[in-house]
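Enquirer: okay, predicted coordinates and the sequence, questions at the end:
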Amino acid sequence: MKGLSMKPDPQFLKFPAYLLNDLEGFLFIYPRKFPKVVSEYERAAKKFGTDPIGFRKLGDLHRNELFVGFAAIKKDLDAGNDDDLSFLIEIDQRFHRLNCFRFWIINYLFPDGPLHEFFIERIRYFSRRLTEEDEDLDVEDYENKISRIQRNLLQGVYADLYLQNALNGVKIMDLLRLTKRDWLIITINDLLRDGSKANRKIFKLLDPLIEEAYRKRSRFGKELAECLHIMMEQAKLRGSRLPIYNVLIHSIEFEKENKMLQIRHDGMTDEIEGLFKLARERFSKREVNELSISYHMAQNFARYKDVMGDIDDVLLPIWFGLLSKVEALLKQDKEIPNSAVGVGGMFYKYGWYLPDELKIKVFSPDPRPFSLENL
């Protein structure tokens, strides 16, 4: 993709005026609370908005700093006094600063904003162009073919976490059979049929495999670790091997289904390659470049919607617990109506009941540019 270029109308590179799925209204909060996010997004959109490789580097940077920043805030939270309302407000605002600059930009402003709409429009346009010369089709078949091409290009070959685990599951089963562990597969399937109470026995059977994956001393251990690397990362974040157990059990229990998913995914890869081959025959080099950028950026947006969500399992329980503690402290001398609340609750629920000095802290703009050092 090196050397590809594309110049969308500048309006598509502006800070979004509307976001799909912005359930807590952060579009109306964050630009006012953290005004630097506007210029940071627009710089990123101008520099990486049509650069698939550059966007991947940006996304990886944001994801890495998201986890580093979370660990730093959590360390301070664990060492602090959770009966101190002022301290809890400080931690909440730090979480929001991190969320705004290192989650919201990649997970919402790009994939739910105007650039995504622009790339979808270009994919729709090229899907119709790829069908123009099929004169033997009637109107219904013609429109169906356009819809199928568009759907395939938008879906693409990116494997979300579920599909990645399924595809890795096929590799895991091949590894087990290649190393003559059929007995293990049979034993675990028998235990699975006996019901969920057998989980502890299954975990005990799987532990030696997991240990080999962690040690990586044998070829089997290295290849198994490669298949499990996503779940090993999640296990580290959660402090539990449960994600690893679940993938290994799923690999054994749903071996046939995973193979079918692999066949479907391989077929999609062939279909996408066929569409680009046809595009190279029918389009100019510039048009092929535009289709390629639109396709790869749509894939990037899907990818980071997925991988940025890895933080949810560790961040959300802590953040919601913090807000629950804030509510409990406020209810000691105030009546607060019961209502649903998300992580933005400080801005639209609890902030109204804070002492004046804490209200000022919550609702005053924070004009600093983001860095981990000033988080």
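Expert: Sure, I can see it.
Enquirer: CA atoms for contacts and neighbours, from now on please.
Expert: Noted.
Enquirer: and the host helix or strand of residue 115, what's buried?
Expert: Residue 115 is part of helix 114-129 when elements are defined by DSSP states H and E. Within helix 114-129, the residues that count as buried by 16 or more other CA atoms under 10 Å are 114-116, 118-120, 122-124, 126-128.
Enquirer: and what of stretch 328-339?
Expert: residue 330.
Enquirer: show me the contact partners of that stretch.
Expert: With contact meaning CA atoms under 8 Å, 6 or more residues apart in numbering, stretch 328-339 is reached by 83, 85, 327, 353-354.
Enquirer: helices of the stretch 151-300 of the chain, residue ranges please.
Expert: 161-178, 182-194, 199-215, 219-238, 242-253, 255-282, 285-307 (DSSP state H, counting those that start in this stretch).
Enquirer: kindly report the same for the stretch 1-150 of the chain.
Expert: Going by DSSP H, counting those that start in this stretch, the stretch 1-150 of the chain shows helices at 26-33, 36-48, 52-79, 85-99, 114-129, 139-155.
Enquirer: so what's residue 250 up against?
Expert: Residue 250 touches residue 169, counting by CA under 8 Å, 6+ apart.
Enquirer: quick check: pLDDT value at residue 132.
Expert: Note on residue 132: pLDDT of 75.
Enquirer: go on, residue 76?
Expert: For residue 76, pLDDT reads 97.
Enquirer: repeat that for residue 152.
Expert: So, for residue 152, pLDDT stands at 81.
Enquirer: how many residues are close by it?
Expert: Using other CA atoms under 10 Å, residue 152 has 17 neighbouring residues.
Enquirer: correct me if wrong: it contacts residue 269.
Expert: No: with contact defined as CA atoms under 8 Å, residue 152 does not count as touching residue 269 (9.6 Å).
Enquirer: mind listing what's buried in the worst-scoring helix or strand of the chain on mean pLDDT?
Expert: Lowest by mean pLDDT, DSSP states H and E among the helices and strands of the chain is helix 139-155, with a mean of 78. Within helix 139-155, the residues that qualify as buried are 142, 145-146, 149-150, 152-155, counting by 16+ other CA under 10 Å.
Enquirer: could those residues go into JSON lines alongside distance to residue 200?
Expert: Below are the buried residues of helix 139-155 laid out as JSON lines (distance: CA to CA, whole Å):
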{"residue": "142", "distance to residue 200": "55"}
{"residue": "145", "distance to residue 200": "50"}
{"residue": "146", "distance to residue 200": "51"}
{"residue": "149", "distance to residue 200": "47"}
{"residue": "150", "distance to residue 200": "46"}
{"residue": "152", "distance to residue 200": "42"}
{"residue": "153", "distance to residue 200": "43"}
{"residue": "154", "distance to residue 200": "42"}
{"residue": "155", "distance to residue 200": "38"}
